[in-house]
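**Q** next input, structure requested:
(one chain, ligands or ions: 3)
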Amino acid sequence: MKIAVLPGDGIGPEVTAQALKVLDVFVREGMPLEFEQGLIGGCAYDQTGHPLPEATFKLAKEADAILFGAEGGFQYETLPRGLRPGDALLTVRRELQLFANFRPVVAFPELVGASPLKASHIDGLDLVILRELTGDLYFGEPRGVHAENGVQVGINTMRYDEREIRRIAHVAFRTARTRRRRVCSVDKANVLETMELWRSILEEVGREYSDVTLEHLYIDAAAMALLRSPLHFDVIVTGNLFGDILSDEASMLTGSIGMLPSASMGEGTKGLYEPVHGCAPDIAGQDIANPLASILSAAMMLRMSFGESAAADRIERAVRRVLGSGYRTADIAEPGTKQIGTAQMGDLVFAALS
Ligand SMILES: NC(=O)C1=CN([C@@H]2O[C@H](COP(=O)(O)OP(=O)(O)OC[C@H]3O[C@@H](n4cnc5c(N)ncnc54)[C@H](O)[C@@H]3O)[C@@H](O)[C@H]2O)C=CC1
Ligand SMILES: CC(C)CC(=O)C(=O)O
Ligand SMILES: [Mg+2]
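**A** Ligands and ions are numbered 1, 2, ... in the order given. The predicted model follows:
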């Protein structure tokens, strides 16, 4: 079980260290996890001149799973033209064809004070955003900035082919079958041809899953409905851009973006596991970031790449026990709770597991 560990920039190394701390419990118990670290993002650029060095890509390609922190940490003004802060991560996702990004949005009832949900609703929040991860505006061609009649023009292209839509649709329906059998597809088919195709393929694939209810929402209405009636949703399937935005929004239902883990899968069991958040330069280096999204991503890795569901359950129960004892990082703290730092949160989850 070889894991490529790519902590990246900003709070990435701080939160990833806590996930590794927690995974060490299982190594001590004999689980054959092997870790190898690689550079990615701004730190890789500073040290090697490239945000995704060849050695890192090889490591990611050969590993059974990838534990990723966050990338960023670039000075925009010093970046060569054509290189963007998200490039390394996007390249790994695309080249390894990790097209299905699972972002579970489940609230811990212990965080009712941090979440905007009513106490009577928090237990019922259990949805998953399934974001298509290797297409859409993030990869479509043509793209770039060029001059037209002396005026600079920026271009990106929303592009999906029917095969890409079909394969994520099947994942959505199969996932719904393991849950409450409801799929909500989010698009903008009233304006965009790409999304018209998206909707028609969802309908076509949906006919193969007559036991699953399919509904459609436009992205603007979905953003609203997610806050108005979050308990309505089971599986939300959407494209790369809309999924990126909706998941940051949904994270706040749980209390903080620091609570939301993710798993990016391809056709097999290899996956890339990362917190939904970025490298948070505003709080980096202060030992205040919430590491639970990273720790919960490690749990997803044990479950989805290694079939170690019991170990994953144990991590989730340990997190719950620590929150139940009143410990909170700053982002989820409220009066009457005990505010602690990033490393201490990792120590407490480790202790709750040991
Ligand atoms: N997956 C990745 O590697 C991602 C990288 N980024 C990069 O990260 C950098 C910062 O981007 P932002 O838009 O500010 O998004 P961000 O997610 O890094 O931060 C947004 C806000 O959430 C807070 N936050 C994030 N994670 C937190 C945690 N674990 N605990 C407590 N608070 C947390 C931050 O302090 C900030 O106020 C940029 O360079 C961006 O490109 C952004 C999103 C994802
Ligand atoms: C590089 C970005 C696309 C990463 C991001 O915001 C995300 O995956 O949620
Ligand atoms: Mg994002």
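
**Q** and the closest residue to ligand 1 within the stretch 1-150 of the chain, what does it touch?
**A** In the stretch 1-150 of the chain, the residue found nearest to ligand 1 is residue 72; the distance is 2.6 Å by Cβ to the nearest ligand atom. (Glycine included, C-beta is placed from N, CA and C.) For residue 72, the contacting residues are 8, 9, 10, 41, 42, 85, 278, 279, 281, by Cβ atoms under 8 Å, 6 or more residues apart in numbering.

**Q** helix or strand with the lowest mean pLDDT in the chain?
**A** For the chain, the helix or strand with the lowest mean confidence is helix 119-122, at a mean of 86 (criterion: mean pLDDT, DSSP states H and E).

**Q** and the contacts of that one?
**A** 107, 109, 111, 112, 115, 230, 231.

**Q** in it, what counts as buried?
**A** Residues 121, 122 are the ones in helix 119-122 that count as buried (16 or more other Cβ atoms under 10 Å).

**Q** how far away is residue 226 from residue 314?
**A** Note on residue 226: its distance to residue 314, by Cβ to Cβ, to the nearest Å, is 30 Å.

**Q** more crowded one of the two?
**A** Neighbours were counted for residue 226 and for residue 314 using other Cβ atoms under 10 Å; residue 226 has more, 24 against 18.

**Q** that older thread, work out for me the element the residue of the stretch 1-150 of the chain closest to ligand 1 sits within.
**A** If you go by DSSP states H and E, residue 72 is not part of any helix or strand.

**Q** can you tell me, leaving aside adjacent residues, what's nearest to it?
**A** Excluding the flanking residues, the one nearest residue 72 by Cβ to Cβ, 6 or more residues apart in numbering is residue 279, at 3.6 Å.

**Q** tell me how far that neighbour lies from residue 329.
**A** 16 Å.

**Q** these two: which is more packed in?
**A** residue 279 (27 against 23).

**Q** what helix or strand is that one on?
**A** In the assignment (DSSP H and E), residue 279 maps to no helix and no strand.

**Q** can you pull the contacts of it?
**A** Taking Cβ under 8 Å, 6+ apart, one finds 8, 9, 10, 11, 12, 41, 42, 69, 70, 71, 72, 73 in contact with residue 279.

**Q** so which of these are in strands?
**A** Judged by DSSP state E, the contacts of residue 279 include 8, 69, 70 as members of strands.

**Q** pLDDT score for the last one?
**A** Reading off the per-residue confidence, residue 70 sits at a pLDDT of 97.

**Q** how many other residues sit next to it?
**A** Neighbour count for residue 70, taken as other Cβ under 10 Å: 30.

**Q** bridged to residue 129, which residues?
**A** For residue 129, the beta-bridge partners are residue 103, residue 236 (DSSP bridges).

**Q** residue contacts, it?
**A** 102, 103, 104, 105, 236, 238, 243, 246, 247, 250 are the contacts of residue 129 under Cβ under 8 Å, 6+ apart.

**Q** repeat that for 6 Å
**A** 103, 236, 243, 246, 247 (Cβ atoms under 6 Å, 6 or more residues apart in numbering).

**Q** break down the stretch 1-150 of the chain into its strands, ranges please.
**A** Using DSSP state E, counting those that start in this stretch, the strands of the stretch 1-150 of the chain run over 2-8, 34-37, 65-70, 100-106, 126-132, 140-148.

**Q** my bad, should have said the stretch 251-354 of the chain
**A** With DSSP E, counting those that start in this stretch applied, the stretch 251-354 of the chain shows strands at 263-265, 271-273, 327-328, 338-339, listed in chain order.

**Q** does ligand 1 sit close to the third one?
**A** If I follow you right, that is strand 327-328. No - contact of strand 327-328 with ligand 1 (Cβ under 6 Å from any ligand atom) is absent, the minimum separation being 11.0 Å.

**Q** same question, the last one
**A** No - with Cβ under 6 Å from any ligand atom as the criterion, ligand 1 is not reached by strand 338-339; the gap is at least 12.4 Å.

**Q** partner strands of that strand and their direction?
**A** strand 327-328 (parallel).

**Q** off-centre distance for the partner strand?
**A** Chain-centre distance of strand 327-328: 23 Å, with Cα atoms, centre = their mean, to the nearest Å.

**Q** what does that strand rub up against?
**A** For strand 327-328, the surrounding residues in contact (Cβ under 6 Å, 6+ apart) are 337, 338, 339, 340, 348.

**Q** one more: stretch 343-354?
**A** Contacts of stretch 343-354 (Cβ under 6 Å, 6+ apart): 18, 21-22, 25, 287, 291, 295, 318-319, 321-322, 327, 329.

**Q** what pLDDT does the residue of the chain most remote from its centre get?
**A** Ranking residues of the chain by C-alpha distance from their mean position (Cα atoms, centre = their mean) puts residue 149 at the top, at 41.0 Å. At residue 149, the predicted lDDT confidence score is 96.

**Q** could you do residue 30 as well?
**A** 97.

**Q** which parts of the stretch 51-200 of the chain are helices?
**A** Residue ranges of the helices in the stretch 51-200 of the chain, as given by DSSP state H, counting those that start in this stretch, are 54-62, 87-95, 119-122, 162-177, 193-206.
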